[in-house]
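**Q** Sequence first, predicted model second:
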Amino acid sequence: MSESRLPKPSTPLRRAALRSGLRLGFRQVYGDLSSLREIEGAPALLLPNHLCSWDAAIAMLVTDEMGRRLRMAAAPRVVDAWPILRRMGIFPVERGATLRSAQMLRALGRDLDGADDAALWFFAQGCHVRDGVALEPERGALAVAKAAPRAQVIPVALHYEILEGRRAVAWVKMLPPLHEEPSQVSLAETIASATESLATDLRTGSSSYQPLLHPDRHTVLLRNVPCNVRLLDKALRHADLDLTFHAAMQLPGEELQRLRPQAVTAVLHYLGPLYGELVNQALEQRIGEPIA
């Protein structure tokens, strides 16, 4: 395959179709793509964990955000069942150490090495792996990386969570590029560390995640959980508090400290323990900031 045969970046129509399809499965998609600034002007080999079939659509969304040409490895049976995937940049890769697969992987690496605007996604684990389960990766990604010395090898972590019985929320985290050619052991450790890094961010409420599948203007992240501000405002009105959630977050520390118990109790009774705890944590964090 030559560089000229790589798929073109998404057209507005393809982009709209992708995002419309994702909205059927997800409430929102958030990503920390801060490592992108380190790979400008170089091809990218992205190595994510593999949880489910939605991973491919998330990868397409991230590639669209990157403004790059998508290439993605998939099992031959998947591509045979959906021939249109080839036109979207998805190609079949046979598992197993055969001469044919080795030749194809080396050719793929050479093509990647010569295309600065390409982004190749390779699910190194080779199959769906439940979150938190360690699995030795396949050697295919290593063969591609070896044949593409210019490519930036980037670990990527994916995670999905269903909140309050609604559609899932997805998170994507790109780690900094690897500076040494990975081995099979180090690749397994890298994927594990990527997923653990994302899990830590979600536990601590990292603010580095930005909307990729843009939520409506009424959605805010509280400790990485999307919350509907209109519902928070309604809960505050039920408690006869004449202010909105955004207005409350702008109050001076002493005043916010005085109103916090009443506000948290109102949200807890009206929206349940998840929203109550999230609002309590958000207000506590705001109170701890210097008073303007």
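**A** Everything's here; your move.
**Q** Can you tell me the SS state at the residue lying farthest from the centre of the chain?
**A** Farthest-out residue of the chain from its mean C-alpha position, per CA atoms, centre = their mean: Asp240, at 39.1 Å. When classified by DSSP: H, G, I helix; E, B strand; the rest coil, Asp240 comes out as coil.
**Q** who does Leu178 bridge with?
**A** For Leu178, the beta-bridge partners under DSSP bridges are Val153.
**Q** circling back to that earlier point, list phi and psi for the residue farthest from the centre of the chain.
**A** Dihedral angles of Asp240 (phi, psi; degrees, to the nearest 10) stand at phi 60, psi 30.
**Q** Equivalent analysis for the one 10 residues further on, please.
**A** The phi and psi values for Gln250, taken as degrees, to the nearest 10, are phi -100, psi 0.
**Q** per-residue confidence for it?
**A** For Gln250, the pLDDT comes out at 87.
**Q** Give me the neighbour count for it.
**A** Using other CB atoms under 10 Å, Gln250 has 11 other residues around it. All C-beta spots, glycine's among them, are computed from the backbone N, C-alpha and C.
**Q** what does Ser183 give?
**A** With other CB under 10 Å as criterion, Ser183 counts 11.
**Q** again with the one 5 residues further on
**A** Other residues within reach of Ala188 by the criterion other CB under 10 Å amount to 17.
**Q** please renumber so the chain begins at 767
**A** Got it, the first residue is 767 from now on, which makes the last one we talked about Ala954.
**Q** Does it belong to a helix, a strand or coil?
**A** Secondary structure state of Ala954, per three-state DSSP, is helix.
**Q** cool, Leu811 as well?
**A** Leu811 is classified as strand under three-state DSSP.
**Q** so it sits right up against Ala909, yeah?
**A** No. Here Leu811 does not reach Ala909: they are 11.1 Å apart, not a contact under CB atoms under 8 Å.
**Q** Just give the nearest non-adjacent residue to the residue most central in space within the chain, would you?
**A** Centroid-nearest residue in the chain, with CA atoms, centre = their mean: Val938, separated by 1.5 Å. Residue nearest to Val938 in three dimensions, not counting chain neighbours: Gly797, with 3.9 Å by CB to CB, 6 or more residues apart in numbering.
**Q** That's all I had, so thanks and see you.
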